[in-house]
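Peer 1: Below: sequence and its predicted model.
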Amino acid sequence: MLIGSTVMSNLIEVVDSKINQVRTTSLDISFNELLDMYQNDELIISPAYQRLFRWNNGKQSRFIETLILELPLPPIFVIEIEEGKYELIDGLQRISSYLHFRGALEGKGSLKLEDCDIIEELNGNNYNNFPTTLQIKLKRNFIRVEVLRKASDPTLRYHMFKRLNSGGEILSEQEIRNCTIRILNPEINDFIIQLSNDSNFLNTISKVPSEEIEKKKNEELILRFFTLKNNIEGYTRLTTLDDYLTHYMESVANNTIDFNYIEEAKIFANTFMILNKILGNNIFSTELGEDRFGQNFILYYYDGLILGIQKYIDKIILFDDYQKLQEVFTIIKKDEKFYNARTGNRSNIKTRISIVEEKLAELLD
C-alpha cells in the first residue's frame, strides 16, 4: 500500500509539473478587432496553414449567417509568439470565412453569400451592400480566444496544435505534419518543401493523382524516403505508417536524431537523378508491354527502388550505361518475389531492397 501511495504521489507531481509548464489566458475579441490584428500582422496565419482553407462559399456563407443570428460559437485557439502578437492554431475556417466576407483575403475579393438556409434573403449579398446596422452587428460580434502564452513549453504547444488539428476539416497526415512540426522547428519542413521542387523527383512522381498532390502527397513521399532510408528498424508491427513518419519528422525537428541536411539533400538529388534517367516518369508505373507503361504510381515500386539503389549510387553514376540499367530495372519490376513482397510491412520492404541490390550487384560488382 505504501508503494502504491508513493507511486500516486509521484504521478501527481508529474501532472502538476506539466500543468505548470502551460500558461493560458482567455480573451473575448470582436471580429472587427481580429480583422485589424490580421491586417496589422498581429494575428498570424502561417502560409502553410492558409493553404488548408477549404470551406466552400456555401459553408463560409452559413458561418456569416451564424454570426448575424448571434448563435453560440466555439472558441478559437492561438499561441503568443511575442507580446501582443499571436499565431492562429485552431479556427482557420471560421476566421478565414470572416476575412473573406470582409474582402481581407488577398486575391479573393469579398464573399458573396450563397446557400444561407435560415435567412435566405442574405443570399446574393456581400458586406458592402449590407445595411449599416448589420455591418456593425458583424463587427461587434465577439468570440472567445484561448491564448497559449509564450512562456509555455514549446513541446506542449506542439501537442496542443496537433490534437486540435486532428479532427474537424479532414486534412491529410502530411498537411497536419506541415503545420504542427513548424511549432517545434520549421527547418525539416522547409527542407522537404525545397526538395519537392527537384525536377527529377517531380518527373518520377508525375503520375501521382493531382488531388493527392494537393494534399501534399509529394512531400509525404520525400519524408517517406528519408524515414525508411534512415530508420527502417523503427517501422514495427505496433506502429502505423503515419505514426512512424510523424515520429521521425518530430525527432529530426527536436534534434533527437542526427540529420545532415547537406548530405541528405545530395543523396536525395542523386537518387532521383538516377531513377529519372533510367525510366523517367515510368519508373514507378506498371509495365504493360514493350515500351508501354500504365498511368499509375505504384508505391511498392517506389519504396523498393529508392532504397534498393542506395548501396550502389556511386557505382551507378560511374557506370553511366542507362540502357543496361533500364533493362535491369524492367526485370526487377517483373520479378515474382518483388511482386509478392508488395505489401508495406518492414519485412517486405527489406525483401524488395535485397532484390534490387542483388540485380545491381550482378551488373556492377
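Peer 2: Arrived safely, thanks for sending.
Peer 1: Quick check: buried residues in stretch 27-39?
Peer 2: 29, 31-35, 37-38 (16 or more other C-beta atoms under 10 Å). All C-beta spots, glycine's among them, are computed from the backbone N, C-alpha and C.
Peer 1: what is the rounded mean pLDDT of stretch 271-279?
Peer 2: Mean pLDDT, computed over stretch 271-279, is 96.
Peer 1: so is residue 77 in a helix, a strand, or just coil?
Peer 2: strand (DSSP: H, G, I helix; E, B strand; the rest coil).
Peer 1: where do the strands sit along this protein?
Peer 2: For the chain, the strands defined by DSSP state E cover 24-30, 43-44, 76-82, 85-90, 142-148, 287-289, 292-293.
Peer 1: May I see those arranged in TSV, with mean pLDDT as well?
Peer 2: Formatted as TSV, the strands of the chain follow (pLDDT from 0 to 100):
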stretch	mean pLDDT
strand 24-30	82
strand 43-44	89
strand 76-82	81
strand 85-90	83
strand 142-148	86
strand 287-289	83
strand 292-293	88
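Peer 1: Tell me which of the ones you listed lies nearest to residue 311.
Peer 2: strand 287-289 (24.1 Å; C-beta to C-beta).
Peer 1: Which strands or helices does the closest one pack on?
Peer 2: helix 322-334 (3 or more C-beta pairs under 8 Å, 6 or more residues apart in numbering; DSSP states H and E).
Peer 1: Could I have the CA atoms of the helix it packs on written out in CSV?
Peer 2: The C-alpha coordinates for helix 322-334 follow below in CSV (Å, rounded to 0.1, in the frame of the first residue of the first chain):
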residue,chain,number,x,y,z
TYR,A,322,21.4,3.7,-68.5
GLN,A,323,20.2,1.4,-71.3
LYS,A,324,21.5,-1.6,-69.4
LEU,A,325,20.2,-0.2,-66.1
GLN,A,326,16.8,0.2,-67.8
GLU,A,327,16.9,-3.5,-68.7
VAL,A,328,17.8,-4.4,-65.2
PHE,A,329,15.0,-2.3,-63.6
THR,A,330,12.5,-3.8,-66.1
ILE,A,331,13.5,-7.3,-64.9
ILE,A,332,13.2,-6.2,-61.2
LYS,A,333,9.7,-4.8,-61.7
LYS,A,334,8.6,-8.1,-63.2
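Peer 1: From the buried residues of stretch 27-39, which land in helices?
Peer 2: When DSSP state H is applied, those are split such that 31-35, 37-38 fall in helices.
Peer 1: Show me where the stretch 1-150 of the chain dips below the pLDDT cut-off.
Peer 2: 1-24, 47-52, 149-150 (pLDDT under 70).
Peer 1: one more time with 50
Peer 2: Across the stretch 1-150 of the chain, the ranges flagged by pLDDT under 50 are 1-2, 16, 19-21.
Peer 1: hey, where'd the helices end up in it?
Peer 2: 2-20, 31-39, 47-50, 57-68, 92-101, 132-140 (DSSP state H, counting those that start in this stretch).
Peer 1: neighbours around the closest residue in space to residue 57 that isn't next to it in sequence, how many?
Peer 2: With sequence-adjacent residues excluded and distances taken as C-beta to C-beta, 6 or more residues apart in numbering, residue 57 is closest to residue 114, at 5.4 Å. Counted with other C-beta atoms under 10 Å, the neighbours of residue 114 add up to 15.
Peer 1: is it true that residue 114 touches residue 59?
Peer 2: No: using C-beta atoms under 8 Å, residue 114 is not in contact with residue 59; the gap is 10.2 Å.
Peer 1: if we can go back for a sec, want to throw the buried residues of stretch 27-39 into CSV with distance to residue 338?
Peer 2: CSV is the format used below for those (distance: C-beta to C-beta, whole Å):
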residue, distance to residue 338
29, 58
31, 58
32, 62
33, 60
34, 55
35, 57
37, 56
38, 53
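Peer 1: ok, those vs residue 67, which is closest?
Peer 2: residue 31 (7.0 Å).
Peer 1: Just list the residues touching the closest one, thanks.
Peer 2: If you count contacts by C-beta atoms under 8 Å, 6 or more residues apart in numbering, residue 31 has them with 67, 98, 138-143.
Peer 1: again with residue 38
Peer 2: Residue 38 touches 45, 95, 99, 104, counting by C-beta under 8 Å, 6+ apart.
Peer 1: So for residue 303, which of the strands of the chain sits nearest?
Peer 2: Of all those, strand 287-289 comes closest under C-beta to C-beta, at 17.6 Å.
Peer 1: just how off-centre is that closest one within its chain?
Peer 2: Averaging C-alpha positions (C-alpha atoms, centre = their mean, to the nearest Å) puts strand 287-289 34 Å from its chain's average.
Peer 1: That strand: partners in the sheet, and parallel or antiparallel?
Peer 2: Here strand 287-289 is paired, per DSSP bridges, with strand 292-293 (antiparallel).
Peer 1: Outside of the partner strand itself, list whatever touches it.
Peer 2: So strand 292-293 is contacted by 282, 285-287 (C-beta under 8 Å, 6+ apart).
Peer 1: Max pairwise distance over those residues: which two?
Peer 2: 282 and 286, at 9.1 Å, using C-beta to C-beta across those.
Peer 1: more neighbours, these two?
Peer 2: It is residue 282, of residue 282 and residue 286, that has more neighbours when counted by other C-beta under 10 Å, with 22 against 14.
Peer 1: Show the contacting residues for that one.
Peer 2: residue 293.
Peer 1: same thing but 10 Å
Peer 2: Residues near residue 282 by C-beta atoms under 10 Å, 6 or more residues apart in numbering: 203-204, 206-207, 291-295, 326, 329-330, 333.
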